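# Here is my input; please provide its structure:
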Amino acid sequence: MDSVDAAGLGIGDGYPTRIMGVLNVSEESPYDPSVYDDPGEAARYVDEELIGEGADIVDVGLESANKRFEVLSAEEELERLHVACETIDRVEGEAIFSIETRYHEVADAALEQGFDMVNDICGFADPRMPAVCESHAAAVVKMASPSDLERPGAVEETDWAARRSPAWAERADYVDQVYEALKQNGLTDRTIVDPAFGGWSETQTVADDRETFRRLQEFRDLGRPILVSINRKNFLGELVDRETEDRLPASLAATAMAIERGADVVRTHDVAETRDAAVIADAFGERSG
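Sure thing, here's the model as predicted:
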């Protein structure tokens with residue numbers, strides 16, 4: 001099974017690459033162009049800059065996942081949820097709306113109030129998350145992560161000797177750990193896997209991201225669609241020696257390669273350009289796996 005139904009949107013084998021645009025209603029988020037706290041302004045941004053430019057999915061973040069900031073509680077996320085819900089109520093265009101959260105309570109409330117799917121950056125560290133998504137028949141992105149709500153994406157900080165075995169932990173490299181983290185706590189029938197590119201911990205390196213990218217097609221063995229979030233990431237910037245604002249060409253080249261290696265969803269802040277790269281990759285690429 002390499003495809004899922006996300007509120008009527010097919011994702012995976014047999015479908016075009018889906019583009020996930022980003023909206024943040026988190027005041028601490030560092031990427032200013034995507035941050036809004038007024039539902040009307042946020043809705044206009046979604047209609048014009050995301051859906052209008054080709055986004056199939058809009059991923060809404062309630063808090064910054066940047067490790068420099070303190071983690072919000074479920075209650076604090078719920079206090080912000082009304083802005084997100086008011087926003088999607090005002091959007092005129094057609095898209096699937098995804099809530100980015102690590103808490104089952106927030107996912108449940110968002111799905112009850114109009115959201116279509118969940119982007120779980122803690123990889124089911126909340127053990128009730130899979131059941132909530134299944135009860136709503138909702139697709140869910142599961143990012144590779146330790147079973148710890150406080151440490152999204154910090155795969156290599158997991159005590160693998162205890163969770164697997166000392167022998168496995170000694171021989172496993174970073175990509176092996178990512179793969180194992182995605183398997184931990186299971187997968188729902190509508191799970192999309194995310195290998196967690198980016199600086200999620202102090203010890204994750206650009207070399208780790210490059211090796212994950214090289215071996216991306218291996219994640220197809222999980223039997224689920226793959227989401228990648230590689231837009232302007234450091235592992236690309238260091239290769240081309242460009243700062244974040246000048247990394248778009250590198251991101252587009254990597255996007256086409258990621259799709260050929262099996263990516264089904266690309267999460268991006270540069271929707272129009274990424275969509276074009278995906279169209280070319282879909283038209284002329286030969287997918288791996």
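# Please enumerate the strands of this protein.
Assigned by DSSP state E, the strands in the chain fall at 3-6, 9-12, 18-24, 57-61, 96-101, 117-120, 139-143, 191-194, 227-228, 265-267.
# what pLDDT, on average, does the top helix by length along the chain get?
Taking DSSP state H as the criterion, the chain has its longest helix at helix 74-90. If you average the pLDDT over helix 74-90, you get 95.
# what do you get for stretch 158-170?
92.
# What is the end-to-end distance of that stretch?
Start-to-end span of stretch 158-170 (Cα to Cα, to the nearest Å) is 13 Å.
# what's the angle between the longest helix of the chain and strand 18-24?
Using axes from the mean of the first three to the mean of the last three Cα atoms, to 10 degrees, the inter-axis angle of helix 74-90 relative to strand 18-24 is 120 degrees.
# contact partners of helix 74-90?
Residues from elsewhere that reach helix 74-90 (Cβ atoms under 8 Å, 6 or more residues apart in numbering): 23, 25-26, 36-37, 39-40, 42-43, 46, 58, 60, 62-63, 97, 99, 101, 103, 105-106, 109-110, 113-115. All C-beta atoms are positioned from the backbone trio N, CA, C, and that covers glycine.
# Please compute how far it lies from its chain's middle.
Relative to the mean C-alpha coordinate of its chain, helix 74-90 is positioned 19 Å out (Cα atoms, centre = their mean, to the nearest Å).
# Please spell out which residues along that helix are buried.
74, 77-78, 80-81, 83-88 (16 or more other Cβ atoms under 10 Å).
# go on, stretch 112-122?
Buried residues in stretch 112-122 (16+ other Cβ under 10 Å): 115-122.
# ok, which pair from those residues is furthest apart?
By the measure Cβ to Cβ, D116 and C122 form the most distant pair in these, at 19.8 Å.
# average pLDDT across stretch 187-204?
On average, stretch 187-204 scores 94.
# In CSV, list the C-alpha atoms belonging to that stretch.
The C-alpha trace of stretch 187-204 is given here as CSV (Å, rounded to 0.1, in the frame of the first residue of the first chain):
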residue,chain,number,x,y,z
LEU,A,187,1.5,3.1,11.2
THR,A,188,-2.2,3.7,10.5
ASP,A,189,-3.7,2.7,7.1
ARG,A,190,-3.6,6.4,6.2
THR,A,191,-0.1,7.3,7.4
ILE,A,192,2.4,9.3,5.3
VAL,A,193,6.0,9.0,6.5
ASP,A,194,8.4,12.0,6.9
PRO,A,195,12.1,11.2,7.3
ALA,A,196,12.7,14.5,9.2
PHE,A,197,15.1,16.6,7.2
GLY,A,198,16.6,19.6,9.1
GLY,A,199,18.3,20.5,12.3
TRP,A,200,16.0,18.8,14.7
SER,A,201,18.7,18.3,17.3
GLU,A,202,22.1,19.5,18.2
THR,A,203,23.7,16.3,17.0
GLN,A,204,21.9,15.9,13.7
